[in-house]
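Q: Quick one, fold the following:
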Amino acid sequence: MRFLIISLVTFSSVTFAASKPFQASVVAFDEAIINESNPLHFGTILTNAGASCSLDSSGSTSGSCASVDANIAVGVINLSGLVANQSYQIEVVGSDNGVIRFSPAISVNSIETFDDDSNQVVSTTTTPSTSDTDIVVFGSLEVLSQLTAGATYNANYTVNVSFQ
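A: Here you go, the predicted model:
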């Protein structure tokens, strides 16, 4: 009789099951908004090839630039739309247009970074405590070919911001 009861329990077991699908969600980072708050200007430089000028983060020049010029100004780039307390890689890329070469340096959240390998690129990682921060841009400018006296020359630079 025991055998019969065990057999009945084994064959009459009912399986109860339920399932329900759920979703995992995520919101994609917004891209940082990059705006120039203050244009970078080295002031006045000598016209001959080989002339070079450095501008530091305080706005002081040295080298072949006039040390007093109303136009001298560090560049200020504002980054907004950031996620607070998130790490960001900030990169500034200078340029060489065959006439002048700009090698950037930057200051972000009190961290100064210089182009120490002459590749015209500087980068740093920062973690802003708010949704916006400023990059102070300065560096060095070199005259590559004779300039025309009184003419204005420009060297482009690019700011890249990526999430870490």
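
Q: now the helices: where do they sit in this structure?
A: With DSSP state H as the criterion, the chain has helices at 2-11.

Q: Tell me where the model's unsure across it.
A: Across the chain, the ranges flagged by pLDDT under 70 are 1-14.

Q: Can you check which strand is longest in it?
A: Taking DSSP state E as the criterion, the chain has its longest strand at strand 132-143.

Q: strands paired with that one, and their directions?
A: Strands that pair with strand 132-143, judged by DSSP bridges, come out as strand 52-55 (antiparallel), strand 75-80 (antiparallel), strand 100-108 (antiparallel).

Q: now those in JSON lines, with distance to residue 135?
A: C-beta: built from backbone N, CA, C; applies to glycine. Listed next are the strands paired with strand 132-143 as JSON lines, based on distance: least, C-beta to C-beta, whole Å:
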{"stretch": "strand 52-55", "distance to residue 135": "15"}
{"stretch": "strand 75-80", "distance to residue 135": "4"}
{"stretch": "strand 100-108", "distance to residue 135": "5"}
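
Q: Tell me which of these lies nearest to residue 30.
A: strand 75-80 (9.9 Å; C-beta to C-beta).

Q: roughly how far apart are residue 33 and residue 19?
A: Computed as C-beta to C-beta, to the nearest Å, the residue 33 to residue 19 distance reads 44 Å.

Q: Looking at these two, which is more packed in?
A: residue 33 (13 against 4; other C-beta atoms under 10 Å).

Q: tell me the contacts of the more buried one?
A: Applying C-beta atoms under 8 Å, 6 or more residues apart in numbering, one finds that residue 33 lies in contact with 79, 80, 81.

Q: May I have the beta-bridge partners of it?
A: Here residue 33, judged by DSSP bridges, has bridge partners residue 80.

Q: before we move on, back to that, buried deepest among the strands paired with strand 132-143, which one?
A: Neighbour counts averaged per stretch over the strands paired with strand 132-143 are highest for strand 100-108, at a mean of 23; criterion: mean count of other C-beta atoms under 10 Å.

Q: Any idea how far that one is from the middle of the chain?
A: In terms of C-alpha atoms, centre = their mean, to the nearest Å, the centre of strand 100-108 is set 13 Å apart from its chain centre.

Q: How much space separates the spatially most central residue of the chain from residue 154?
A: For the chain, residue 90 is the residue whose C-alpha lies nearest the centre (C-alpha atoms, centre = their mean; 2.1 Å). Applying C-beta to C-beta, the value for residue 90 to residue 154 is 22 Å.

Q: Next one: the closest residue to residue 81 other than its chain neighbours from residue 127, what distance?
A: Of all residues not flanking residue 81 in the chain, residue 33 sits nearest, at 4.5 Å (C-beta to C-beta, 6 or more residues apart in numbering). Separation of residue 33 from residue 127 (C-beta to C-beta): 18 Å.
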